[in-house]
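**Student:** okay, here's the prediction I keep looking at, along with the sequence it came from:
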Amino acid sequence: ALAVRILLLKEIDRLAITPQAVPVDAETQEEAAIRVLLERELPIPETDESACRHYYENNRQRLHSPARVLVRHILLAAAPDDVAGRLKARDRAEQLIAELQEFPERFTEMVMRFSECPSKDQGGELGWISHGQTTPEFERQVFMLREGLAGLSVESRWGYHVVDVQRHDRGQPLAFEDCAGRIARYLDLQSRQNAIQNYLQMLSAHYGVHGIDMASPE
């Protein structure tokens, strides 16, 4: 990274760019000069619709709405460092699961009696959950469960959960119009990164520098 920065600063000096560089926001003078250099030397055309459509046709399987899961739960709370409390919460969760396997209609009743999550006022309903919306270790397990009452409790930093997966939505394919903007931004970024890499390779050859990692300085 240091070698890349030195290459850019050498070119900035050669082209006398520093006096033209006005820092923006929290940029340093050096960062502003690098930005102006790249803007001047690397004009990158915007991705056109045909390129976006070509990417769309070749990547349909990756372009879908986020997967989500409809969940309700009973939380048996215990602090992460409360070993005895967590063992007790786990045992209680397993007991509730055993009861609910025999009497599934009592789930709401069990929520009101035992859950220590604010969702108890909604019958334990968490609604639709997408990745990134709740605690990561909870999500990792819940998204792997089949629909219905989980046979084992789910552990999280909050304690142990009795989980009922009501429905899975694996995500629906997106129409081109729904993801064209995202595709264009991705292709623009790829074009910029490739252009910077090629530019750095050119500077490296010009200044006789070898064996450095040609990565974007940003």
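**Tutor:** Structure's in. What do you need? Quantities reported herein were computed from a predicted structural model and do not represent experimental measurements.
**Student:** so for the longest helix seen in the chain, what gets flagged as buried?
**Tutor:** Using DSSP state H, we find that the single longest helix of the chain is helix 176-207. Neighbour counts over helix 176-207 (16 or more other Cβ atoms under 10 Å) mark 179-180, 183-184, 187, 191, 195-196, 199-200, 203-204 as buried. Where C-beta positions appear, they are placed from N, C-alpha and C, glycine not excepted.
**Student:** what do you get for stretch 22-42?
**Tutor:** For stretch 22-42, the neighbour count (16+ other Cβ under 10 Å) marks 31-38, 41 as buried.
**Student:** among these, which ones are in strands?
**Tutor:** Judged by DSSP state E, these include no members of strands.
**Student:** dump the residues you listed into TSV; add pLDDT and distance to Asp164 as well.
**Tutor:** Shown next, in TSV, are the buried residues of stretch 22-42 (pLDDT from 0 to 100; distance: Cβ to Cβ, whole Å):
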residue	pLDDT	distance to Asp164
Glu31	92	52
Ala32	94	56
Ala33	94	59
Ile34	92	54
Arg35	90	53
Val36	92	58
Leu37	93	58
Leu38	90	53
Glu41	88	59
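**Student:** Arg140: how many residues sit nearby?
**Tutor:** Neighbour count for Arg140, taken as other Cβ atoms under 10 Å: 12.
**Student:** please identify the helix or strand for it.
**Tutor:** helix 136-142 (DSSP states H and E).
**Student:** packing partners of that helix?
**Tutor:** Secondary-structure packing of helix 136-142 (3 or more Cβ pairs under 8 Å, 6 or more residues apart in numbering; DSSP states H and E): strand 154-156, strand 159-169.
**Student:** the same query, at a cut-off of 10 Å, please.
**Tutor:** Under the contact definition 3 or more Cβ pairs under 10 Å, 6 or more residues apart in numbering; DSSP states H and E, helix 136-142 sits against strand 68-77, strand 125-130, strand 154-156, strand 159-169.
**Student:** any idea how far Tyr186 lies from Glu31?
**Tutor:** For Tyr186, the distance to Glu31 equals 25 Å [Cβ to Cβ, to the nearest Å].
**Student:** quick one on the thing from earlier: now for the helix or strand following the helix holding Arg140, which elements pack on it?
**Tutor:** Going down the chain from helix 136-142, the next helix or strand is strand 148-149, by DSSP H and E. Contact partners of strand 148-149 among helices and strands, from 3+ Cβ pairs under 10 Å, 6+ apart: helix 83-102, strand 159-169.
**Student:** could you check how far Thr108 is from Gln193?
**Tutor:** Applying Cβ to Cβ, the value for Thr108 to Gln193 is 53 Å.
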